[in-house]
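*Asks:* predicted model follows, preceded by the sequence.
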Amino acid sequence: MSRVEQAIQKAHDAGRTAFVGYLPVGFPDLETSIRAAVTLAENGVDVIELGPPYSDPVMDGAIIQEATRAALAAGYRTQDLFTALRAITAATDVPVVVMTYWNPVLQYGVERYADDLLAAGGAGLITPDITPEAASDWIAASTRTGLDRIFLAAPTSTDDRLDLIVAASTGFVYTVSTMGITGERAALDRAARTLVARLREHGAQRACVGIGISTADQIAAVGEYADGAIVGTALVRALRDGGLPALAEVTRTLAAGTTSARPDTEN
């Protein structure tokens, strides 16, 4: 198993849902973002998801966009990602995956990006805006380096699309949900449950649900049917509003939701 898969399995062996925590690189500054990622690891996160700022973050919500704009305005450059990765992975054994739009990887060079990611201690990439059939260069580079490649599945994905995603993904499948929106939570939670069940039917061994998860109760609900829960906005807001102490507190509060009894569905 990869480091990400091992981290998820370790959580499951302890009777917990895996907790994946997202933060942007360089917010509010590079050094603080490094310390913030380590803070996640010290307070209950099983996998760190690190987001390089991007000028056109079409999938990010307002709070994350605000943070990444601030990082870009402060002078973030791609090399800062690898600087941060080296520092974070020197301080913690929690695996770090990078959530990146594809254009920066392409501009940097796919093979070079993979090599530098590996050398800096990174565990893989989450690529929200590239599909498996368009990612042959990345699939080859990740196979060569042993980095995880994590593709996204959505409730609208066809069965053929899910076949492609499951076959191409390693680490876990990023299962897109919109849980937590006022007045719609029950229906959206049903959609996420249905999607994870479909992914299982198509052979997915690990599916983590993300987008819209912001409370311990929501993490507990996800743990009833998925392998992990991904939280971003709530963590970024805590860092923005209260710095590292608030981030640590919110992370611990969210991590409490991972300890609900998991169903006996291990593969």
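*Replies:* Ah, there it is.
*Asks:* low-confidence ranges in the stretch 1-150 of the chain?
*Replies:* 57-59 (pLDDT under 70).
*Asks:* quick one: the strands in it?
*Replies:* Counting by DSSP state E, counting those that start in this stretch, the stretch 1-150 of the chain has strands at residues 18-24, 47-51, 96-99, 124-126, 148-150.
*Asks:* tell me which residues of stretch 75-90 are tucked away?
*Replies:* Buried positions in stretch 75-90, judged by neighbour count with 16 or more other CB atoms under 10 Å: 76, 78, 80-85, 87-89. Any C-beta I mention is one placed from the backbone N, CA and C, and that applies to glycine too.
*Asks:* between the residues you listed, which is closest to residue 43?
*Replies:* residue 88 (14.3 Å; CB to CB).
*Asks:* and the gap between that closest one and residue 82?
*Replies:* Distance, residue 88 to residue 82, by CB to CB, to the nearest Å: 11 Å.
*Asks:* now do residue 3
*Replies:* 17 Å.
*Asks:* out of the strands of the stretch 1-150 of the chain, deepest packed?
*Replies:* For the strands of the stretch 1-150 of the chain, average neighbour numbers computed from mean count of other CB atoms under 10 Å are highest in strand 18-24, which has a mean of 28.
*Asks:* residues contacting that one, please?
*Replies:* Residues from elsewhere that reach strand 18-24 (CB atoms under 8 Å, 6 or more residues apart in numbering): 7-8, 11-12, 33, 36-37, 40, 44-53, 64, 67-68, 71, 99, 208, 210, 219, 227-232, 235-236, 239, 251, 254-255, 258.
*Asks:* separation between residue 41 and residue 10?
*Replies:* 13 Å.
*Asks:* between the two, which is the more surrounded one?
*Replies:* residue 41 (21 against 12; other CB atoms under 10 Å).
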